[in-house]
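>>> need coordinates for the following:
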Amino acid sequence: MVKEAIILNKGGIVDDYKKSRINSVDKYFANIAEDKEVYVSVPADENNIDLLKMDGCLDGTCVVPQPIGPVTRFNLYGKELIHKEMEKEHREIERDYHIVDWHGTDHYGTCFQKRMCYPKEYIFPPLSRIIRDSGKLRSELLTKADVELLKHTINMFLEVFGYCEIVDKDENPIGQKIKIKEVSWRILPPGKYPWERAEKALDDYFEKAPGKNKEVLRNNHKTFAKYEPDFLAIGENSFNGYVVYGYTNKNLYVFESNQVGNATYVFKGDWENASQLTKHDIIKGNLCHKRIVHAKTWEKTVKQMFE
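As a prediction, this is how the structure comes out:
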């Protein structure tokens, strides 16, 4: 079996393309048909496995790379486009504050401010995964027709590993098909989770949260701990950045993000059903019992839900 391969590094092909990412795939896929299936890969050597923290993972295990730069950050969190060509609109923003009174005493807290802002559009994250497969770390199969996804995947590999190989797929170049297993949730030990226990369990989660308003984030999570959840799960891979508070006696599962300003999503039913939701299911909010926007009435709405 013959495979065509394109080797790219952060300098491009054979060190003569001096860019850290590619802007177009046309140069590399000029002689490849639109529907030809390819995948992006690197060897599953010790260094590459360590970069993805996949040591001990079996073939078929996949991960969504943790953010280390703009490409991997967009891959996991998506991004917002600010439309400066449109008129500004009223928006309510929650932020931390720190003031010093005339006695020299520090005061900390959170507040809401109304501002005129340009409209924002949320672009969903691609959530491209890297799969461990028989000595390789590879993407899912792609085609030249998926030009934006193909370009994104190549740039993601370049950002994580510094190089990648794009292999032209023959009829069955990978060998036997492997069932992809993504570990989406790390379920913490059962029991009540008052704030003292929840905060300790989520310490690393708060530390890695993006943005500056960490106190706003902690206060939001403290609100849910006040109602003593008996189930706590931390999102991994494509769900990185989410925590689920479960109240099994009420059949409620609350999805809270570590990005300040993201809405709270509440689902009714059991965890088995809730855990099958994709990140797109959650963000779109079509399947949730309640979507609670972080505004002045957020805490009151949460309280009413539990009453």
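
>>> from now on I want contacts and neighbour counts done on CA atoms only, so please keep to that.
OK.

>>> from the chain's centroid, how far away is whichever strand or helix holds Y39?
Assessed by DSSP states H and E, Y39 sits inside strand 37-43. Offset of strand 37-43 from its chain centre (CA atoms, centre = their mean, to the nearest Å): 22 Å.

>>> what's the following helix or strand after that strand?
helix 46-52.

>>> quick one, what contacts A225?
The contact partners of A225, taken as CA atoms under 8 Å, 6 or more residues apart in numbering, are Y193, P194, W195, A198, Y245.

>>> highest neighbour count among those?
Y245 (25 neighbours; other CA atoms under 10 Å).

>>> what is the burial count for I131?
25.

>>> wait, doesn't it sit right on S139?
Yes - taking CA atoms under 8 Å as the definition, I131 is a contact partner of S139 at 6.1 Å.

>>> and the host helix or strand of D204, what other elements does it pack with?
Here D204 is covered by helix 203-207, with elements defined by DSSP H and E. Helix 203-207 sits against helix 214-225, with contacts defined as 3 or more CA pairs under 8 Å, 6 or more residues apart in numbering; DSSP states H and E.

>>> again, only using 10 Å
helix 195-201, helix 214-225 (3 or more CA pairs under 10 Å, 6 or more residues apart in numbering; DSSP states H and E).

>>> may I see the buried residues of the shortest one?
For helix 195-201, a neighbour-count test (16 or more other CA atoms under 10 Å) marks W195, A198, E199 as buried.

>>> got those residues as CSV, with distance to L58 and pLDDT columns?
Output for the buried residues of helix 195-201, formatted as CSV (distance: CA to CA, whole Å; pLDDT from 0 to 100):
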residue, distance to L58, pLDDT
W195, 36, 78
A198, 31, 80
E199, 32, 79
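
>>> who's in contact with Q66?
L51, L52, K53, T72, R73, N75, L76, V160, E236, N237, S238, N240 (CA atoms under 10 Å, 6 or more residues apart in numbering).

>>> what of L217?
Contacts of L217 by CA under 10 Å, 6+ apart are R95, D96, F206, A209, G211, E256, S257, N258, Q259, V260, G261.

>>> if we use 7 Å, what do you get?
N258, V260 (CA atoms under 7 Å, 6 or more residues apart in numbering).

>>> equivalent analysis for M86, please.
M86 neighbours (CA under 7 Å, 6+ apart): Y118, P119.

>>> swap the cut-off to 10 Å and go again
C117, Y118, P119, K120.

>>> from those, which ones fall inside strands?
C117, K120 (DSSP state E).

>>> got a ChimeraX select line for the buried ones in the contacts of M86?
In ChimeraX, a selection of the buried entries from the contacts of M86 looks like this (16+ other CA under 10 Å):
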select :117,118,119
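
>>> distance to E89 and pLDDT added to the contacts of M86, as a markdown table?
As requested, those are arranged in a markdown table below (distance: CA to CA, whole Å; pLDDT from 0 to 100):
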| residue | distance to E89 | pLDDT |
| --- | --- | --- |
| C117 | 5 | 86 |
| Y118 | 6 | 87 |
| P119 | 7 | 87 |
| K120 | 10 | 85 |
